[in-house]
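Chemist: Below: sequence and its predicted model.
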Amino acid sequence: NAGVTQTPKFRILKIGQSMTLQCTQDMNHNYMYWYRQDPGMGLKLIYYSVGAGITDKGEVPNGYNVSRSTTEDFPLRLELAAPSQTSVYFCASSYSGHTNEKLFFGSGTQLSVL
Amino acid sequence: EDQVTQSPEALRLQEGESSSLNCSYTVSGLRGLFWYRQDPGKGPEFLFTLYSAGEEKEKERLKATLTKKESFLHITAPKPEDSATYLCAVQARGTGNQFYFGTGTSLTVIP
């Protein structure tokens, strides 16, 4: 079972460049999330989606954009990359947003902005 | 403001030496408290969900407990393969689908 798949695993960007982090899940989950994880900090929610065509901001959405055209895919777009966006990014999914629904995480994308 | 604090930041144990990890939280109405395990270079993996004070869950050498202010992850007779970072997260009422994560406890079990 593939679960949640993220690409790429590693990327180095120059300041001002743009890129898209890809995330796809094959579990038919409605809810998908993007988190960033910085050293010494807890996972912070960037954006989430409750279904195709519906997205909403999390705690730290500035500098990012998302779209959800299908149930399976939830790409994260970085426009005009800044050093503050250097982080490890995790995509996650769950069947619903209820409290008994655990999150399934991808293996992460390590991004450096230089 | 909703907060999740985990302690200690790091813990080194000898194989077989039992101990506990702490997760204290301040939220305005707890919907659920979650424990995850994270191995280096990987995403977090779900362990437990606790909903109300007094609840306990067990899995192999791990046991999670919950009070009104904190949760403990007890590790009994740990093995080297239990080495990982353990993350705590809470979901609060009125926050939609947001989970608030602690910074984790890095556990190393020495053979």
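Modeler: Perfect, thanks for sending it.
Chemist: Skipping adjacent residues, who's closest to the residue of chain B found nearest chain A in space?
Modeler: Using CB to the nearest CB, B:Gly43 is the residue of chain B that sits closest to chain A, at 3.0 Å. Heads up, the C-betas are built off the backbone N, CA and C, glycines and all. Leaving out its chain neighbours, the residue that sits closest to B:Gly43 by CB to CB, 6 or more residues apart in numbering or on different chains is A:Phe105, at 3.0 Å.
Chemist: Neighbours of the one you found, how many?
Modeler: Look at A:Phe105: counted by other CB atoms under 10 Å in any protein chain shown, it has 23 neighbours.
Chemist: And the pLDDT for it?
Modeler: Looking at A:Phe105, its pLDDT stands at 97.
Chemist: And it, how close does it get to B:Lys59?
Modeler: Between A:Phe105 and B:Lys59 the distance is 18 Å, computed by CB to CB, to the nearest Å.
Chemist: B:Arg37 and B:Pro44 touch, don't they?
Modeler: Yes - counting by CB atoms under 8 Å, B:Arg37 does reach B:Pro44; the two are 6.9 Å apart.
Chemist: Quick check on these two: which one has the bigger neighbour count.
Modeler: Neighbour totals were compared for B:Arg37 and B:Pro44, and B:Pro44 leads with 28 against 18 (other CB under 10 Å).
Chemist: any idea how far the more buried one is from A:Tyr95?
Modeler: Distance, B:Pro44 to A:Tyr95, by CB to CB: 17 Å.
Chemist: what do you get for A:Pro75?
Modeler: 21 Å.
Chemist: try A:Ile46
Modeler: A:Ile46 is 21 Å from A:Tyr95, by CB to CB.
Chemist: quick one, which of these two is more surrounded?
Modeler: Legend: neighbour count by other CB under 10 Å for A:Ile46 and A:Tyr95, higher for A:Ile46 (24 against 14).
Chemist: Surely that one is in a strand?
Modeler: Yes - A:Ile46: assigned to a strand according to DSSP: H, G, I helix; E, B strand; the rest coil.
Chemist: From what I see, it and A:Arg77 are in contact.
Modeler: No - using CB under 8 Å, A:Ile46 is not in contact with A:Arg77, being 10.9 Å away.
Chemist: other SSEs contacting the lowest-mean-pLDDT helix or strand in chain B?
Modeler: Lowest mean confidence among the helices and strands of chain B (mean pLDDT, DSSP states H and E): strand B:99-101, at a mean of 89. Helices and strands touching strand B:99-101, as assessed by 3 or more CB pairs under 8 Å, 6 or more residues apart in numbering or on different chains; DSSP states H and E, comprise strand B:3-7, strand B:84-92.
Chemist: please redo it, this time with the cut-off set to 10 Å
Modeler: strand A:31-37, strand A:44-51, strand B:3-7, strand B:30-38, strand B:84-92 (3 or more CB pairs under 10 Å, 6 or more residues apart in numbering or on different chains; DSSP states H and E).
Chemist: Which positions within the third one qualify as buried?
Modeler: The reference is to strand B:3-7. B:4, B:6 (16 or more other CB atoms under 10 Å in any protein chain shown).
Chemist: What strands flank that strand, and is each parallel or antiparallel?
Modeler: Paired strands of strand B:3-7, with direction, are strand B:19-26 (antiparallel) (DSSP bridges).
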